[in-house]
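Undergrad: Sequence plus predicted model, see below.
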Amino acid sequence: MIIKDLNGRDYKVPNLIEFKNHIMKYHTSKSEPDGSIHEENGYYFRVDKNLFNKLFD
């Protein structure tokens with residue numbers, strides 16, 4: 001999966017299952033995105049409904 005970071009750069013998620021598990025564990029509250037920033041390999045993502053929908057739809 002390729003997603004855009006906050007700077008508009010494409011990021012190819014190397015392991016989608018691990019990425020999704022991390023987002024669920026550290027960036028949600030009651031299984032809802034908490035609006036926090038996730039950094040991965042120099043790419044930054046706001047964990048909001050938009051990102052959540054891309055990952056989990």
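TA: Nice, thanks for sending it over.

Undergrad: Make sure residue 20 is actually in contact with residue 57.
TA: No: in terms of Cβ atoms under 8 Å, residue 20 does not count as a neighbour of residue 57; the distance is 11.7 Å. Glycine gets a C-beta too; all of them are placed from N, C-alpha and C.

Undergrad: Of those two, give the one with the bigger neighbour count.
TA: Neighbour comparison, residue 20 and residue 57: the larger count goes to residue 20, with 15 against 5 (by other Cβ atoms under 10 Å).

Undergrad: Could you point out the helix or strand that follows the one helix or strand that one maps to?
TA: Assigning secondary structure by DSSP states H and E places residue 20 in helix 16-26. Tracing the chain C-terminally past helix 16-26 and defining elements by DSSP H and E, one meets strand 28-29 next.

Undergrad: Just checking: what are the partner strands of the following helix or strand past that following strand?
TA: Using DSSP H and E, the helix or strand that directly follows strand 28-29 along the chain is strand 32-33. Based on DSSP bridges, the strands next to strand 32-33 in the sheet, each with its direction, are strand 28-29 (antiparallel).

Undergrad: so how far is the strand it pairs with off the chain centroid?
TA: On the basis of Cα atoms, centre = their mean, to the nearest Å, strand 28-29 is displaced by 12 Å from the centre of the chain it belongs to.

Undergrad: In this protein, where is pLDDT below threshold?
TA: Scanning the chain for pLDDT under 70 picks out no residues.
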